[in-house]
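Asks: Give me a 3D structure for the following:
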Amino acid sequence: MTSKKPRTILYRRRREQKTNYKQRLKLLASRKLRLVVRFTNQRVISQLIQFEEKGDKVVAGADSTALKKLGWNYSGKNFPAAYLTGLLIAKAAVKKGFTEAILDAGLKSPLKKSKTYAFLKGALDGGLNVPHGDDMFPTEERIMGKHIDEAVVDAFKKVKSKIKD
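Replies: Residues are numbered from 1 along each chain as shown. Here you go, the predicted model:
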């Protein structure tokens, strides 16, 4: 007789390390929309997602490549781009009547004063109500791009004013 126990096979998305189901269940238990943010090598992607039994529904979306149309000619993955993308998604969500969400940063834990929190600051400034801690945000100079160049700060101010209007 063999004494081997049957092996439990994990869900496919868990095996591929794409979904943390414990974290997802906690986020869904809040019954709020999820403000999803993902950082690629080229851009910042964000979506406002609503849970439905048949599958998640994307209510609004924004991408840092949309900043090019507003006059942003710099990187789509730095601190100012993350902030401006957060501002874009918040404006789109508020326009559709959604004002409350919960941040979903995915498998990576966001670090204090990181791009994730620059994105969150943009979403908060745009009118979304997202639970957060106050000491998590990067400095205003870093969000505006002063650590990069003065020209970035000028472009940041122009694009921010276009989004606010």
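Asks: how many neighbours does Gln42 have?
Replies: The burial metric for Gln42, expressed as a neighbour count using other Cβ atoms under 10 Å, is 11. C-beta here means a position set from N, CA and C on the backbone, and glycine is covered the same way.
Asks: start at 2 instead
Replies: All set: I'll call the first residue 2, so the last point we hit is now Gln43.
Asks: So it is in contact with Gly77, correct?
Replies: Yes. The pair formed by Gln43 and Gly77 meets the contact definition of Cβ atoms under 8 Å, at 6.0 Å.
Asks: which residues of this structure score low on pLDDT?
Replies: Segments of the chain classed as low confidence (criterion: pLDDT under 70) are 2-3.
Asks: For it, which segments count as helices?
Replies: Residue ranges of the helices in the chain, as given by DSSP state H, are 13-16, 22-30, 80-96, 116-126, 141-145, 151-165.
Asks: Ok, which of these comes nearest Asp57?
Replies: Minimum separation from Asp57 across the helices of the chain (Cβ to Cβ) falls at helix 22-30, 9.4 Å.
Asks: Going by neighbour count, which residues of the closest one are buried?
Replies: Buried positions in helix 22-30, judged by neighbour count with 16 or more other Cβ atoms under 10 Å: Arg25, Leu28.
Asks: Can I get it as PDB, trimmed to CA atoms?
Replies: As requested, C-alpha coordinates have been extracted for helix 22-30 and formatted as PDB (Å, rounded to 0.1, in the frame of the first residue of the first chain):
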ATOM      1  CA  TYR A  22      -6.600  34.900  -4.300                       C
ATOM      2  CA  LYS A  23      -6.400  35.700  -0.600                       C
ATOM      3  CA  GLN A  24      -5.700  39.300  -1.400                       C
ATOM      4  CA  ARG A  25      -8.300  39.400  -4.100                       C
ATOM      5  CA  LEU A  26     -11.000  38.000  -1.700                       C
ATOM      6  CA  LYS A  27     -10.100  40.800   0.900                       C
ATOM      7  CA  LEU A  28     -10.500  43.400  -1.800                       C
ATOM      8  CA  LEU A  29     -13.800  42.000  -3.000                       C
ATOM      9  CA  ALA A  30     -15.100  41.800   0.500                       C
END
